[in-house]
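Peer 1: no FASTA, just this:
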Ligand SMILES: C[S@@+](CC[C@H](N)C(=O)[O-])C[C@H]1O[C@@H](n2cnc3c(N)ncnc32)[C@H](O)[C@@H]1O
């Protein structure tokens, strides 16, 4: 092989390694550096532990897991009899992070698998699953696809469904920002209406409240918002919207809902 060709390949690889990639998984981690969700989510699991008994749950499927850190934590703390855990995620870097997390042996005795597909194209895992996790994924799903998903879920999957999502654009600075940038607004109440409509009943609901401060956003925070808006808005528009919202101290609070539904 020509030595110059080899040198070019090595240099290209080194450049790739030096420049952080603008993928969803990395930018989401940068976004979370501006909030306290890691700890509010974990406190919320502590609160749940005394209220629910999921010792009957043997199988679980989680959608839009990203790296899966939080879904794995949920399973570790609340699903003591779990035997099979499937993650459904389509972002390639998140899938890599998921595999690495599963290799770490955080779920001993649990058979783990990843389905590299979308929630909309999911065709089931072959047999009913006891528990379905949907943490912070509905932002990405159209309302009509969400309804179709719940119908499929009711027929083919879960006895218990756990949802975490933002409350509304009034109560969530994330949704407020996205609304300000032209993204269609949705509310937790609408998600709940859709899942109740297919036959599930709500057995528990609690709030997750915390702080997010995007003032003086890093380039990565801006890129994350740009990615979520499918690159239809400029960095300048994003920075202006962030400055407007996060200059108001009462808007630096986010309100999410964690809700549990059963058949
Ligand atoms: C905001 S992140 C949430 C990650 C994790 N569940 C959490 O709560 O931290 C949303 C994740 O959903 C994934 N996602 C987006 N649309 C999806 C779809 N239609 N089907 C499956 N996953 C999807 C994204 O790739 C991303 O990893």
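Peer 2: Right, received. Where do you want to start? The structure presented is a predicted model; accordingly, all values stated were derived computationally and were not measured.
Peer 1: Which positions within the helix or strand where residue 30 lies qualify as buried?
Peer 2: Element membership for residue 30, per DSSP states H and E: helix 24-32. Neighbour counts using 16 or more other Cβ atoms under 10 Å place 24, 25, 26, 27, 28, 30, 31 of helix 24-32 among the buried residues. (C-beta placed from N, C-alpha, C; glycine too.)
Peer 1: Excluding sequence neighbours, find me the nearest residue to residue 132.
Peer 2: For residue 132, ignoring the flanking residues on the chain, the nearest one in space by Cβ to Cβ, 6 or more residues apart in numbering is residue 158 at 3.8 Å.
Peer 1: so what's residue 91 up against?
Peer 2: 23, 24, 25, 66 (Cβ atoms under 8 Å, 6 or more residues apart in numbering).
Peer 1: Swap in 7 Å and give it another go.
Peer 2: For residue 91, the contact set (Cβ atoms under 7 Å, 6 or more residues apart in numbering) comprises 24, 25.
Peer 1: Would you pull up the residue in the stretch 1-150 of the chain closest to the ligand?
Peer 2: Nearest to the ligand, among the residues of the stretch 1-150 of the chain, is residue 64, at 2.7 Å (Cβ to the nearest ligand atom).
Peer 1: Roughly how far does that residue sit from residue 71?
Peer 2: 9 Å (Cβ to Cβ, to the nearest Å).
Peer 1: same deal with residue 182?
Peer 2: Counting by Cβ to Cβ - residue 182 and residue 71 are separated by 30 Å.
Peer 1: Residue 36 too?
Peer 2: Residue 36 sits 19 Å away from residue 71 when distances are taken as Cβ to Cβ.
Peer 1: Which of these two has more residues huddled nearby?
Peer 2: Higher neighbour count among residue 36 and residue 71: residue 71, with 25 against 15, using other Cβ atoms under 10 Å.
Peer 1: Which residues of the stretch 51-200 of the chain lie near the ligand?
Peer 2: With Cβ under 6 Å from any ligand atom as the criterion, the stretch 51-200 of the chain meets the ligand at residues 63-66, 70, 88-91, 94, 118-120, 135-137, 140-141.
Peer 1: hang on, residue 67 is in a helix, isn't it?
Peer 2: No - read with DSSP: H, G, I helix; E, B strand; the rest coil, residue 67 is coil and lies in no helix.
Peer 1: Measure how buried the closest residue to it other than its chain neighbours is and give me the count.
Peer 2: Excluding its sequence neighbours, the residue lying closest to residue 67 (Cβ to Cβ, 6+ apart) is residue 97, at 3.6 Å. Neighbours of residue 97 under the rule other Cβ under 10 Å: 20.
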